[in-house]
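Here is the input, now give the coordinates:
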Amino acid sequence: MAQRISGLWDHERIRGFRKQGDYSYYFKNTGLQAQDAWFRKLDGGEEEILVDPNAGSRGGQTSLGQVALSSDGRYFAFERSVGGTDWRSIHVYDLEGKKELADTLR
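Okay, the predicted model is just below:
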């Protein structure tokens with residue numbers, strides 16, 4: 001039964017699609033990942049992973065929540081939950097510098 005259920009879930013899923021400028025942004029799960037990751041793709045270009053809650057997470061208990069893109073397309077803010085808790089912190093990511101900024105709202 002476990003093999004059958006794994007087989008049913010083992011397929012790519014994309015959700016939360018949004019378009020801004022020349023980029024498409026979306027959550028994606030390649031199949032059996034514990035949590036969806038946040039991606040972007042330049043029109044006609046390659047896919048780029050921005051935030052992957054599965055990386056460094058034990059047991060898949062880190063997840064992403066709501067995401068908001070800045071109007072100029074330079075930043076995005078996202079919610080992160082760690083350890084399976086309902087409490088979320090808000091983080092900001094600099095798309096030009098391709099890094100998460102140090103400031104966090106808790």
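
all helices in the protein, in order from the N-terminus.
Counting by DSSP state H, the segments of the chain that form helices are 2-9.

I'd like to know how far E100 sits from W38.
As judged by Cβ to Cβ, to the nearest Å, E100 and W38 stand 11 Å apart. Bear in mind the C-beta positions are built from the backbone N, C-alpha and C, glycine included.

Between the two, which contacts overlap?
Common contacts of E100 and W38 (Cβ atoms under 8 Å, 6 or more residues apart in numbering): V51.

of those two, who's got more company?
Looking at E100 and W38 with other Cβ atoms under 10 Å, you find the greater number of neighbours at W38, namely 19 against 15.

From S89, how far off is the more buried one?
When Cβ to Cβ is applied, the distance between W38 and S89 equals 15 Å.

Same question for L101.
Between L101 and S89 the distance, using Cβ to Cβ, works out to 13 Å.

go on, R4?
Using Cβ to Cβ, we find R4 at a distance of 37 Å from S89.

List the beta-bridge partners for the most centrally placed residue in the chain.
Centre of the chain computed as the mean C-alpha position; nearest residue by Cα atoms, centre = their mean is W38, 2.4 Å away. For W38, the beta-bridge assignment (DSSP bridges) gives partners F27, V51.

Go ahead and confirm it touches G65.
No: checked against Cβ atoms under 8 Å, the pair W38 and G65 is beyond contact range at 10.6 Å.

neighbour-wise, which of R4 and S89 wins?
Neighbours were tallied for R4 and for S89 using other Cβ under 10 Å; the higher tally belongs to S89 (13 against 7).

now the strands for the chain?
Along the chain, counting by DSSP state E, strands occupy 13-20, 23-29, 37-42, 47-51, 63-69, 75-81, 89-94, 99-105.

Nearest approach to S57 belongs to which of the ones you listed?
In terms of Cβ to Cβ, the element of the strands of the chain nearest to S57 is strand 63-69, at 8.5 Å.

what comes up buried for that closest one?
Along strand 63-69, the positions that meet the burial threshold by neighbour count (16 or more other Cβ atoms under 10 Å) are 63-64, 67, 69.
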